[in-house]
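Undergrad: okay, here's the prediction I keep looking at, along with the sequence it came from:
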Amino acid sequence: MLPAMRTVSAPTALVAAALALTSCGAADQPTASPGKSVILITPNPVGTNSFLQLSVKGAETAAKEIGASFKLYESKDPTSIAQNLDAAVRAKPTVIVGVSFSFDDLFATVPKQHSGQQFLQVDSCAKDQAANLTCVSFREHEAAYLAGVEAGMLSKSGKLGVVAALDSPFVHRWIDPFFAGAKSVNPSVTGTPLYVGGNNPFSDPARAKSQAQTLTGQGADIVAAAASAGNQGVFEGVAGAGAKAFGVDVNQCAQSPGTVIDNVLKHVDVAESAAIKDIAAGRAGGVKVYGLKEGGVGVNALDGDLASSGCTVASAPDVVTKVKQVRDDIVAGRITVADPLAG
Amino acid sequence: MNAFLAAVLTATAPVVLAALGGLLCSVSGVFNMALEGQLLWGAFTAVLFSHMTGSAWLGVAGAVLATTLYALLLSVPAVTFRADPVVVAVGTNLLALGLTAFLMRQVFGSGGTFSSPDLSGLPTLAELGLDLPVLGPQSPLVPAAFLLVAWAAWWLGRTRSGLRLRGIGQHAEAAESIGLRVPAYRHAAVLGAGALCGLGGAQLALGNVTLFSEGMSAGRGWVAVVAVMLAGARPWLGLAACLLFGAAEALGFRLQGLGLPQQAADAAPYLITLLALVVAAATRRKVRTV
């Protein structure tokens, strides 16, 4: 997941670790349950974090379908993940699910120590992958391309922008394909990415807002947000200038009513529940990649409940039609979206 | 150009307020490195009180009060018990990071970012009927920040209490020998810095944006500390240093748009800091040798 997770800085973690010592978290869950079971460990409290809510939904759905019990171990913060993982391993479930790159370190070692236990990592993959670790990753660039198509059709000034957290290869998955998608429908559009950077690039809404204002000041009328916790700052800046924005990962349209055109979605629930069912059926291991074809990524324009999503693209039926057509072209292989990570 | 100047002022205002607080402490002889944590605490409490009361101005008042109280964590150990202010400040900075993240989960029920359409932010001057160029899109706290700098320059240079504060910083024993209560002045300076950081945090969370996000002070307090080191006891110089950083940031954004790599734009404030320190040191040496 792009947002939220990377926002905990080292000093926070230190203090949080001290706080965590005073509580036992999920470590006192009852051990060993007969029959099938699924345990999901989150790197942070689920709370109103919609990405984590989706991951819980996915695991619950899968557990129900394979007739397993479901338990959720919420970590108070990334430092209490190890305690929860320890408790989960002792409970010996059918599969232990960990969400995000916060599990990279633990999943590089723990699965090897417990070779009889199946592990699933969602939205990242630990290095030196063990045979009993399955990974789920996403082709975010395909969804970003679709968002670009919408932006290309809706932009009046022909100037697009992206406010991204960092100039790093992974973050480029939300930038380059966005501009490529826009150029595919309107070759004359220009795209400018600006990066938040600074001391806390994934949680600096003030700088993100300033970036968005810089872009609208230069004439951009659509700005895609890829700034994690800074996204809300982007929406504020864009709304102030009467421009429009795109959200990321989950439906962010309601966060700034009337401003957000659509979102580059990651259907973590779909991908996760499919992977859990695969593992339960004995098809474990490897990296399962979810793109448009597998329904693992998308935009709200493709969803049935678009009308109630609060996204402004709902009022442009021609754009929705075009996006659906481009989606079909990508799925059928008639269009290939270049992956910035592939260099 | 107006948009650029407006961006500079917006980016600078919270830093100016924090730096002014740090400067008052530095003048009184307490090196205040707790600005970063206090800014963050101010931002959090501003959003908290604004959310609870529905009024941005009560949010500002709450932030000023809460951050003044938070500054007791520095002033009591450092002034009353003569602990090393740097060590205490590091502690309070870490505490602010952890405590705001923790309270955020307790109060708002979620980590990461808290924002809500109901959360009331500060009005802009334009909304208040003062549609000036550059200042129009700013909150009233932005001009207030610059007026406070002018007030501090006047106070430190022209009033009895201001001169006494400077005297205490330059030679505490001498000040004591003429009957000044040194700890009282220092407590006042540190608590005053807390109030200013509360104001800066409120501007950051309710003026620059309308939300709270974990760690959102994002180094602004450290920039303020550097500005204090550059400025010595001269508020106008501190303001100039802050404006320089703000300009570097706003210019960096624009240069990025013209193709400057983000990493280079990111390095700009630090390069400017280094340059300024070198220039300041060089001029100081020149003065001494003459």
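TA: Yep, that arrived. Numbers count the residues shown, from 1 in each chain, chains lettered A, B, ... in the order given.
Undergrad: tell me the pLDDT at B:R288?
TA: As predicted, B:R288 sits at a pLDDT of 57.
Undergrad: no, scratch that, I was asking about B:G162
TA: 93.
Undergrad: my guess is it contacts B:L156. True?
TA: Yes - the criterion here is C-beta atoms under 8 Å, and B:G162 meets it with B:L156 at 4.2 Å. Heads up, the C-betas are built off the backbone N, CA and C, glycines and all.
Undergrad: burial count for residue 247?
TA: Using chain A. Residues lying near A:G247 (other C-beta atoms under 10 Å in any protein chain shown) number 30.
Undergrad: look at chain B instead
TA: Per other C-beta under 10 Å, the neighbour tally for B:A247 reads 20.
Undergrad: just B:Q106 next, same as before
TA: Neighbours of B:Q106 (other C-beta under 10 Å): 7.
Undergrad: check B:V182 too.
TA: 18.
Undergrad: show me which residues of the stretch 101-250 of chain B sit near chain A.
TA: B:101-102, B:105, B:109-113, B:115, B:117, B:137, B:204, B:208-211, B:213-216, B:218-219, B:222, B:249-250 (C-beta under 8 Å from any C-beta of the partner chain).
Undergrad: please pick the buried ones from these.
TA: Among those, the ones that count as buried by 16 or more other C-beta atoms under 10 Å in any protein chain shown are B:101-102, B:105, B:110-113, B:115, B:137, B:204, B:208-211, B:213-216, B:218-219, B:222, B:249-250.
Undergrad: taking the residues you listed one by one, which sit in strands?
TA: Judged by DSSP state E, those include B:T113, B:S213 as members of strands.
Undergrad: still on that earlier bit, in helices only, show me the residues of the stretch 101-250 of chain B next to chain A.
TA: B:A101, B:F102, B:R105, B:W222, B:E249, B:A250 (DSSP state H).
Undergrad: residues contacting the fourth one?
TA: To tie it back to what came earlier, the one meant is B:W222. A:N199, B:L35, B:E36 (C-beta atoms under 8 Å, 6 or more residues apart in numbering or on different chains).
Undergrad: separation between B:G179 and B:I168?
TA: For B:G179, the distance to B:I168 equals 12 Å [C-beta to C-beta, to the nearest Å].
Undergrad: neighbour count for those two, which is higher?
TA: Legend: neighbour count by other C-beta under 10 Å for B:G179 and B:I168, higher for B:I168 (25 against 6).
Undergrad: so that one makes contact with B:Y185?
TA: Yes - assessed by C-beta under 8 Å, B:I168 is found in contact with B:Y185 at 5.2 Å.
Undergrad: shared neighbours of those two, anything?
TA: If you check B:I168 and B:Y185 against C-beta under 8 Å, 6+ apart, the residues they both contact are B:S28.
Undergrad: can you report how many residues neighbour the closest residue to A:E272 other than its chain neighbours?
TA: In space, A:E272 comes closest to A:G58 once its chain neighbours are excluded; the distance is 3.6 Å by C-beta to C-beta, 6 or more residues apart in numbering or on different chains. Per other C-beta under 10 Å, the neighbour tally for A:G58 reads 25.
Undergrad: A:M153 too?
TA: 18.
Undergrad: equivalent analysis for the one 5 residues further on, please.
TA: By the other C-beta under 10 Å criterion, the neighbourhood of A:G158 contains 16 residues.
Undergrad: would you mind measuring from it to chain B?
TA: 16 Å (C-beta to the nearest C-beta, to the nearest Å).
Undergrad: same question, A:A284
TA: Between A:A284 and chain B the distance is 32 Å, computed by C-beta to the nearest C-beta.
Undergrad: ok, the residue of chain B found nearest chain A - how many residues close by?
TA: The nearest approach of chain B to chain A comes at B:G98, 2.8 Å away (C-beta to the nearest C-beta). By the measure other C-beta under 10 Å, the count of residues near B:G98 is 21.
Undergrad: where does it land in three-state SS?
TA: What DSSP: H, G, I helix; E, B strand; the rest coil gives for B:G98 is helix.
Undergrad: pLDDT score assigned to it?
TA: 91.
Undergrad: residues in contact with the residue nearest to A:R139 when sequence neighbours are not counted?
TA: In this structure, A:R139 finds its nearest non-sequential neighbour in A:G291, 3.4 Å apart by C-beta to C-beta, 6+ apart. Contacts for A:G291 (C-beta under 8 Å, 6+ apart) come out as A:F138, A:R139, A:E142, A:V297, A:I330.
Undergrad: measure the first one to A:N300 for me?
TA: What it means is A:F138. Using C-beta to C-beta, we find A:F138 at a distance of 16 Å from A:N300.
Undergrad: got any ranges where the stretch 201-343 of chain A has weak pLDDT?
TA: When residues are selected by pLDDT under 70, those of the stretch 201-343 of chain A lie in A:343.
Undergrad: could I get the full set of helices for it?
TA: Using DSSP state H, counting those that start in this stretch, the helices assigned to the stretch 201-343 of chain A run over residues A:205-217, A:231-240, A:268-280, A:317-331.
Undergrad: redo those helices as TSV? Include mean neighbour count.
TA: Shown next, in TSV, are the helices of the stretch 201-343 of chain A (neighbours: other C-beta atoms under 10 Å in any protein chain shown):
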stretch	mean neighbour count
helix A:205-217	28
helix A:231-240	27
helix A:268-280	23
helix A:317-331	16
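Undergrad: for B:P123, find the nearest of those.
TA: Evaluated over the helices of the stretch 201-343 of chain A, closeness to B:P123 peaks at helix A:231-240, with 13.0 Å, by C-beta to C-beta.
Undergrad: packing partners of the closest one?
TA: Under the contact criterion of 3 or more C-beta pairs under 8 Å, 6 or more residues apart in numbering or on different chains; DSSP states H and E, helix A:231-240 touches helix A:205-217, strand A:222-226, strand A:244-249.
Undergrad: buried ones in stretch B:83-101, by neighbour count?
TA: Buried residues in stretch B:83-101, counted by 16+ other C-beta under 10 Å: B:85, B:88-101.
Undergrad: stretch B:250-269 now?
TA: Buried, per 16+ other C-beta under 10 Å, within stretch B:250-269: B:250-257, B:262, B:265-266, B:268-269.
Undergrad: which of these lies closest to B:A150?
TA: Among the buried residues of stretch B:250-269, and counting by C-beta to C-beta, the member closest to B:A150 is B:A250, at 22.6 Å.
Undergrad: got any ranges where the stretch 51-200 of chain B has weak pLDDT?
TA: Judged by pLDDT under 70, the stretches of the stretch 51-200 of chain B that qualify are B:111.
Undergrad: apply 90 and report the result again.
TA: Residues of the stretch 51-200 of chain B meeting the criterion pLDDT under 90: B:101-102, B:104-121, B:126-137, B:179.
Undergrad: residue ranges of the helices in it, please?
TA: Using DSSP H, counting those that start in this stretch, helices in the stretch 51-200 of chain B cover B:56-75, B:85-108, B:141-158, B:160-170, B:172-177, B:182-202.
Undergrad: which strands or helices does the third one pack on?
TA: This points to helix B:141-158. In terms of contacts (3+ C-beta pairs under 8 Å, 6+ apart), helix B:141-158 is packed against helix B:2-28, helix B:160-170, helix B:182-202, helix B:235-257.
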